[in-house]
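> sequence plus predicted model, see below.
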Amino acid sequence: MKSGKLGILVLLVLFSSSTCSAWFGSKHKSSSGRSSFRPDEASSSSSSSSSSPYILNRFRAGSSVVFPVHGNVYPVGFYNVTLNIGQPPRPYFLDIDTGSDLTWLQCDAPCSRCSQTPHPLYRPSNDLVPCRHALCASLHLSDNYDCEVPHQCDYEVQYADHYSSLGVLLHDVYTLNFTNGVQLKVRMALGCGYDQIFPDPSHHPLDGMLGLGRGKTSLTSQLNSQGLVRNVIGHCLSAQGGGYIFFGDVYDSFRLTWTPMSSRDYKHYSVAGAAELLFGGKKSGVGNLHAVFDTGSSYTYFNSYAYQVLISWLKKESGGKPLKEAHDDQTLPLCWRGRRPFRSIYEVRKYFKPIVLSFTSNGRSKAQFEMLPEAYLIVSNMGNVCLGILNGSEVGMGDLNLIGDISMLNKVMVFDNDKQLIGWAPADCDQVPKSRDVSI
């Protein structure tokens with residue numbers, strides 16, 4: 001992958017040796033292994049600022065938080081938000097990832113390996129999460145994990161692109177502005193990442209990761225457990241760049257197309273039913289596709305068979321049109337050039353047709369997830385049009401199909417963990433909702 005990022009399928013484990021296996025291979029850690037985190041070196045953070053029961057009761061009728069998003073699919077390759085964390089609150093740029101649970105910051109504990117960050121490294125609080133805490137337990141695949149340092153929860157998170165973070169779990173204060181005009185200081189868990197591996201040296205500098213998955217450590221789950229918002233996460237990514245994410249009720253459910261969320265995959269936003277692939281409104285012969293929606297990936301990935309059928313269809317469709325394969329453009333695996341350089345994806349819409357994933361629920365109703373040309377193509381810096389759907393089998397995804405940022409552009413996406421539903425609808429993602437009176 002020449003551009004963008006791939007962040008699906010995160011595994012968090014308490015490690016007891018220098019080698020740790022993950023779903024997508026193994027990585028050898030430094031010989032120093034795990035160290036006992038010393039809170040005397042960290043900044044103090046009182047827990048007295050946690051939300052009072054009176055404040056919580058005011059929110060139980062439903063409230064929400066909305067964050068503006070910055071970035072794009074290409075050429076930036078990611079979307080990020082700004083969160084204010086700590087006492088006093090300091091701003092941090094976090095990469096949004098619905099494919100993982102843990103929010104973590106590059107952390108001065110001290111840091112053995114950290115990348116360049118846009119802000120000073122996070123100085124951790126001394127409020128460590130114990131090893132046997134429920135939040136720590138939620139980061140492991142079984143209850144039989146080791147606790148060599150009982151007073152702290154060690155974590156290691158590895159992403160599909162071999163990006164990783166090693167650190168400890170602690171509590172600190174997040175300063176959040178709710179859409180009803182109330183500002184709260186909410187104590188929640190986050191990771192203090194003091195050892196990171198960045199396989200791509202040109203990775204854009206960020207302070208950390210914002211985990212928005214389905215697990216207990218997800219920021220949405222923690223807000224929900226305190227009675228502040230419903231366990232709902234949503235986002236609206238603009239094809240022009242930017243957009244917004246939201247926690248809680250910020251949408252009109254009647255305007256959305258819904259499909260059930262998988263009850264088997266408790267970590268990711270997987271669709272319960274299998275999908276059929278349609279090209280230009282016609283059946284492709286490709287069915288039984290299992291899909292995951294994940295903002296941790298810039299691009300969309302199909303399994304090998306679906307990808308090859310898609311490539312054959314696209315090459316057939318482009319035949320006889322003023323498009324020729326641009327083999328010299330290495331931005332993505334498949335690019336085309338026109339008679340003159342393209343300036344916008346909208347100049348090539350007439351040459352391509354929509355791609356649809358048709359989800360079947362309980363063998364009855366079908367939910368259509370439509371990808372217009374601008375939701376699977378980019379214009380490279382060479383002025384060529386390139387396919388933003390890649391072969392997932394080549395990066396170890398097997399039969400999984402991942403719907404990344406590019407295919408969710410100009411749509412409001414809602415992941416309702418309370419009702420176990422995934423919804424979407426076309427939307428103007430350039431307009432950030434300012435209050436709960438504004439429905440998407």
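Perfect, thanks for sending it. Not measured: the values here are computed from a predicted model. Numbers count the residues shown, from 1 in each chain.

> quick check: buried residues in the helix or strand that contains residue 316?
Element membership for residue 316, per DSSP states H and E: helix 304-318. Applying a neighbour-count criterion of 16 or more other Cβ atoms under 10 Å, one finds 306-307, 309-311, 313-314, 318 buried in helix 304-318. The way it works is simple: take the backbone N, C-alpha and C, and place the C-beta from them, glycine included.

> that one - contacts with which helices or strands?
strand 275-279, strand 389-391 (3 or more Cβ pairs under 8 Å, 6 or more residues apart in numbering; DSSP states H and E).

> and the angle from the first one to helix 304-318?
In this structure, strand 275-279 runs at an angle of 20 degrees to helix 304-318, with axes from the mean of the first three to the mean of the last three Cα atoms, to 10 degrees as the basis.

> what comes into contact with strand 275-279?
Residues outside strand 275-279 that contact it (Cβ atoms under 8 Å, 6 or more residues apart in numbering) are 283-284, 286-287, 289-291, 306, 309-310, 313, 353, 355-360, 369, 401.

> quick one: buried ones out of those residues?
Applying 16+ other Cβ under 10 Å to these flags 284, 286, 289-291, 306, 309-310, 313, 353, 355-360, 369, 401 as buried.

> report all helices and strands that whichever helix or strand residue 155 is part of contacts.
Per DSSP H and E: residue 155 is located in strand 153-158. Packing partners of strand 153-158 (3+ Cβ pairs under 8 Å, 6+ apart): strand 11-13, strand 19-22, helix 134-137, strand 164-177.

> rerun that using 7 Å as the cut-off
strand 11-13, strand 164-177 (3 or more Cβ pairs under 7 Å, 6 or more residues apart in numbering; DSSP states H and E).

> dump those strands to a markdown table, plus mean neighbour count, distance to residue 100 and mean pLDDT.
A markdown table is the format used below for the helices and strands packed on strand 153-158 (neighbours: other Cβ atoms under 10 Å; distance: least, Cβ to Cβ, whole Å; pLDDT from 0 to 100):
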| stretch | mean neighbour count | distance to residue 100 | mean pLDDT |
| --- | --- | --- | --- |
| strand 11-13 | 21 | 8 | 47 |
| strand 164-177 | 23 | 10 | 95 |
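
> quick check: which of those is nearest to residue 252?
Closest to residue 252 of these is strand 164-177 (Cβ to Cβ; 22.2 Å).

> quick check: angle from the closest one to strand 153-158?
Interaxial angle, strand 164-177 versus strand 153-158 (the same axes, to 10 degrees): 110 degrees.

> export the helices and strands packed on strand 153-158 as JSON lines, with columns for distance to residue 152.
Converted to JSON lines, the helices and strands packed on strand 153-158 look like this (distance: least, Cβ to Cβ, whole Å):
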{"stretch": "strand 11-13", "distance to residue 152": "15"}
{"stretch": "strand 164-177", "distance to residue 152": "5"}
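
> which one of those lies closest to residue 72?
strand 164-177 (24.0 Å).

> got the buried residues for the helix or strand following that closest one?
Heading C-terminal from strand 164-177, the first helix or strand you meet, by DSSP H and E, is strand 183-197. Buried residues in strand 183-197, counted by 16+ other Cβ under 10 Å: 184, 186-197.

> quick check: mean pLDDT of strand 183-197?
The average pLDDT within strand 183-197 is 95.
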